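Asks: Quick one, structure for this:
(chains A and B)
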Amino acid sequence: MTGLRKLSPGWGLRTRLLLAFVLLSVLTTIAVAGVGYRTARNTILKNTQDNAVRELTSRIQLLYPLPVGRLSEDMLLNAAGKLADRDSDALVTAGTVSGGDLDGAVISDELKEFVAQGRIAWQRVDVGGETRLLIGTQLRLTTSKSRVTEPSGIEIYVLEPLETESADIASLARSAWLTGTGAVVLALLLALAAARSVLGPVRELRRAAHRLGEGDLDTRLTIHGTDELAEVGKTFNTTAESLQHHVGELERMESDARRFVADVSHELRTPLAAMTAVTEVLEAEVAGLPEIAGRAVRLVSQETHNLTRLVNDLIEVTRFDSGSASLALDEVDVAEAIGATLRARGWVDEVTTELPAGVRARLDPRRLDVVVANLVGNALRHGAPPVRLRLSVAEESLMIEVTDEGPGLKEEVLPHVFDRFYKADTARSRSEGSGLGLAIAWENAKLHGGRLTAANRQQGGAIFTLRLPLNPGGDA
Amino acid sequence: MPRVLLIEDDHAVRDGLQIALTYQGHTVDAVESGEEGLARLSADPADVVVLDLMLPGMDGFEVCRRIRASGDLPIIMLTARNDDIDVVAGLEAGADDYVVKPAQPRVLEARIKAVLRRTGGEQRQAGTPRPEVERHGDLTIDRDGLVVSKQGRPVSLAPTEMRLLLELSASPGRVLSRQQLLESVWDQGYLGDSRLVDACVQRLRAKIEDDAAAPVYVQTLRGFGYRFGPL
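Replies: This next block holds a predicted model:
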């Protein structure tokens, strides 16, 4: 697989399959059709040559008996005429004299040499774009004394047409080409079919794996056949099943844990309601109590408040977890809303604000209050003054930045700032908050379809940025 | 000092709230069920009812509806923090306001004061004389006598509904946001729950409009708030 990938970077399985099939069919066709073509062609040509030579030999008999003595050009011309017919040309030479309608220029020196040695020889030559067969021989004479023949010095060249044979060969080539092309096309179709039968299940597997990855744990493959791909499919199904089982188990445990937290929080609320009701009475009467009793009362009162806040925050968090938190959207002047938050907590003099008027947004004002109060409260507690709050609008969303000029957040703390009960400093005292404030702020931003992020400023200090859509859901 | 009827089934919470409210100077009558509360009211009316929604037997919503049906007594409900649906249902049943448990007595005290203020007459500012009775279409509003009548027949409005109508009709045609109304009617402002306004508007419309689905007196301006008229 890796080897193939190296050979064909970026080529899909389909392309590779098609290429392999086509390559194979081309090679096979070349081997079969090519060899067949060559053999057939050679046989045709050989037969043709043999026939031509045989015919020439029989025609030569017509020239005998040869005239004795010096041969004139006319006599040679006459002989050539006897040798040639409608389609062929002939040339007869004797020493320097020659006669006939064949142009001597087509005869190669090689052929002449063979003929001069008294042998019969032939060669395919190209005349005027046509392949023709040139045959040459030397007449032999039989001396009356012996039966041995000897060369007479009279050479005969005949140029025979090869038209029919050429046509045969051409048609042979054509059929070879046709067969080859047909084979390639067939191979291509076969390759496509094979690719589909292999790639179909592969594609299905990919889609299923993708769905599984996106959390659709019900995803299963339909298994066809018993081949290797079916095995892969079966493995996928069993894996998905066990994954679903485990995830279900985890979800059940998590929801049990969450329900437990929710139940505990609710159970705590009733005794807390009673305690909260009377703490103010106790606080008001502290002055009249002995000093030690007064301290005890103040402690009980303070811790009742802290416990109340913790339980309220826990209940709020369980509402986000169970998905029962909902938005009570209203069209709000954001600057006014932030001003109300700061006023309600007596922070007006502690925070430098930049609140442009006229920024209207559709949001849940009470949840915005929770977020802003948490961010500003956090900056006032953990950062250093001046704490700044800046409101701005960009691209259909409003941005609220809360900055301080304290030491900022440690790098290892940054990713956990919005974690529940995360304490940046283990030595930090518990009473400074429930440990859920920023987590709740983050959930509130998310519920609005917005985002809450924390970072350090280059010039020092932390910056918390809240981004909320001006009009969540596009609803007027 | 105002007399408070507290209906709460949990004895610790009931005792705690009774102690706190008594300490603040209220006369507190505490009962543990809705039936008992209704019986107490018919014998000895209170100025305000503090009502827990989760009650054994007759639930808080039913108690709320019965009190509303027989009079205009202000009702403040005690609700669990995670029960948004309860809040809405309670407001629809006629509650004027709500407090989330565990409630701080001073928060409850503030709500009681705010709701009681609504039963008192509007403080007339010197130098802004008004006609004795205002007429708006079929509606007549007597600001001093706190009487609203439609086509001559008096309309029975709960204190919060009355206050809301007076607030809106004081400047006909002007849009008031939910926050402004929360501030002026409920003494809560931005940190209040705008559902208080919406629920009260619904109840008010049911009483003064010909067709509550197509209101002419209290009109909604989506995204901005509510407006009285124009007729």
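
Asks: for chain B, which spans come out with low pLDDT?
Replies: Scanning chain B for pLDDT under 70 picks out B:81-83, B:119-132, B:189-190.

Asks: Around chain A, pick out the residues from it.
Replies: B:10, B:12-13, B:15-17, B:19-20, B:23, B:80-82, B:84, B:101-106, B:177-179, B:189-195, B:222-225 (C-beta under 8 Å from any C-beta of the partner chain). Any C-beta I mention is one placed from the backbone N, CA and C, and that applies to glycine too.

Asks: how about 7 Å then?
Replies: Selection of chain B residues close to chain A by C-beta under 7 Å from any C-beta of the partner chain yields B:10, B:12-13, B:15-17, B:19-20, B:23, B:81-82, B:84, B:101-106, B:178-179, B:189-191, B:193-195, B:222-224.

Asks: Please identify the helix or strand for residue B:50.
Replies: Using DSSP states H and E, residue B:50 sits within strand B:48-52.

Asks: Please read the previous query as pertaining to residue A:75.
Replies: Using DSSP H and E, residue A:75 maps to helix A:73-83.

Asks: helices or strands next to that helix in the packing?
Replies: strand A:89-94, strand A:97-100 (3 or more C-beta pairs under 7 Å, 6 or more residues apart in numbering or on different chains; DSSP states H and E).

Asks: try it again with 10 Å
Replies: Applying 3 or more C-beta pairs under 10 Å, 6 or more residues apart in numbering or on different chains; DSSP states H and E, one finds that helix A:73-83 contacts helix A:35-60, strand A:89-94, strand A:97-100, strand A:149-161.

Asks: Which of the ones you listed sits closest to chain B?
Replies: Distance to chain B, taken as C-beta to the nearest C-beta, is lowest for helix A:35-60 among those, at 85.8 Å.

Asks: Mind giving me the packing neighbours of that closest one?
Replies: With contacts defined as 3+ C-beta pairs under 10 Å, 6+ apart, the packing partners of helix A:35-60 are helix A:73-83, strand A:121-127, strand A:130-142, strand A:149-161, helix A:163-213.

Asks: ok, now how distant is the spatially most central residue of chain B from residue B:145?
Replies: Geometric centre of chain B, nearest residue: residue B:96, 2.6 Å, by C-alpha atoms, centre = their mean. To residue B:145, residue B:96 is 21 Å away according to C-beta to C-beta, to the nearest Å.

Asks: Around residue B:164, how many other residues sit close by?
Replies: By the measure other C-beta atoms under 10 Å in any protein chain shown, the count of residues near residue B:164 is 27.

Asks: can I assume it is in contact with residue B:118?
Replies: Yes. Look at residue B:164 against residue B:118 with C-beta atoms under 10 Å: they come within range, at 8.8 Å.

Asks: Now for these two: what residues contact both?
Replies: Shared contacts of residue B:164 and residue B:118 (C-beta atoms under 10 Å, 6 or more residues apart in numbering or on different chains): B:158, B:185-186.

Asks: List the ones among the residues you listed that fall in strands.
Replies: Residues of these located in strands (DSSP state E): none.

Asks: wait, which of the residues you listed is closest to residue A:387?
Replies: residue B:186 (30.4 Å; C-beta to C-beta).

Asks: What residues does that closest one make contact with?
Replies: With C-beta under 10 Å, 6+ apart, residue B:186 has these contacts: B:96-97, B:111, B:114-115, B:118, B:160, B:163-164, B:192-193, B:196-197, B:200.

Asks: Out of those residues, flag the one nearest to residue B:65.
Replies: For the contacts of residue B:186, the nearest to residue B:65 is residue B:96 (13.6 Å; C-beta to C-beta).

Asks: In space, what's closest to that closest one - neighbours in sequence excluded?
Replies: Spatial nearest neighbour of residue B:96, chain neighbours left out: residue B:160 (4.2 Å); criterion: C-beta to C-beta, 6 or more residues apart in numbering or on different chains.

Asks: Residue B:98 is in contact with that neighbour, correct?
Replies: No. If you go by C-beta under 10 Å, residue B:160 and residue B:98 don't touch, sitting 11.9 Å apart.

Asks: who touches both of the two?
Replies: With C-beta under 10 Å, 6+ apart, residue B:160 and residue B:98 have common neighbours B:75, B:91, B:196.

Asks: so which helix or strand takes in the last one?
Replies: When elements are defined using DSSP H and E, residue B:196 is found to belong to helix B:194-208.

Asks: Equivalent analysis for the second one, please.
Replies: With elements delineated by DSSP H and E, residue B:91 resides in helix B:84-92, which encompasses its position.

Asks: what's that helix packed up against?
Replies: Using 3+ C-beta pairs under 10 Å, 6+ apart as the contact criterion, the elements in contact with helix B:84-92 are helix B:60-70, strand B:75-80, strand B:97-101, helix B:194-208.

Asks: among the ones you listed, which is nearest residue B:36?
Replies: With C-beta to C-beta as the criterion, residue B:36 lies closest to helix B:60-70 of these, at 10.1 Å.
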